[in-house]
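*Asks:* No sequence on hand, only this structure:
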């Protein structure tokens with residue numbers, strides 16, 4: 001899913017796997033989710049997938065920076081019935097945590113390097129799923145981790 005953009009497993013705008021920028025990752029995520037959402041009317045995104053109407057409109061317009069990772073995963077799962085939204089979110093979290101271990105990063109180091117206004121504790125809560133992580137936050141966190149990996 002989202003982490004596969006860096007691994008080269010997902011189509012979309014080119015992302016430099018060695019030096020990914022948060023903006024490039026966000027653009028790739030937007031392409032991925034917008035393409036999936038294009039197969040659904042806004043009413044269906046709201047009724048069947050459970051997005052708020054404003055989020056459904058944003059997803060269809062490719063403006064997903066403020067959309068929750070779980071909501072974006074639900075859109076991807078609806079477009080590809082072979083994937084489960086909860087499993088995709090768990091995969092992303094696992095990838096981030098494993099990447100942190102590989103890159104020898106802690107949540108405070110990540111918080112200091114991202115533009116999102118998050119403390120180390122808030123980064124940890126987002127990574128653990130105890131608070132909502134947006135696609136924009138995911139792009140920033142993933143970019144920091146991927147740049148630091150050996």
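*Replies:* Nice, I can see it. Everything quoted here is computed from the prediction, not taken from an experiment. Numbering: from 1, shown residues only.

*Asks:* And the pLDDT at the closest residue to residue 126 other than its chain neighbours?
*Replies:* Leaving out its chain neighbours, the residue that sits closest to residue 126 by Cβ to Cβ, 6 or more residues apart in numbering is residue 133, at 3.9 Å. No exception for glycine: its C-beta is placed from N, CA and C like everyone else's. Looking at residue 133, its pLDDT is 96.

*Asks:* cool, residue 141 as well?
*Replies:* 96.

*Asks:* go on, residue 48?
*Replies:* pLDDT, read off for residue 48, is 88.

*Asks:* List the residues that contact it.
*Replies:* 40, 78 (Cβ atoms under 8 Å, 6 or more residues apart in numbering).

*Asks:* returning to that earlier point: for residue 93, see how far away the residue nearest to residue 126 is.
*Replies:* 9 Å (Cβ to Cβ, to the nearest Å).

*Asks:* likewise residue 111?
*Replies:* 17 Å.

*Asks:* before we move on, what about residue 112?
*Replies:* 21 Å.

*Asks:* Among residue 133 and residue 93, which residue is more densely surrounded?
*Replies:* Per other Cβ atoms under 10 Å, whichever of residue 133 and residue 93 has more neighbours is residue 133, with 25 against 18.

*Asks:* doesn't residue 68 make contact with that one?
*Replies:* Yes. With contact defined as Cβ atoms under 8 Å, residue 133 counts as touching residue 68 (7.0 Å).
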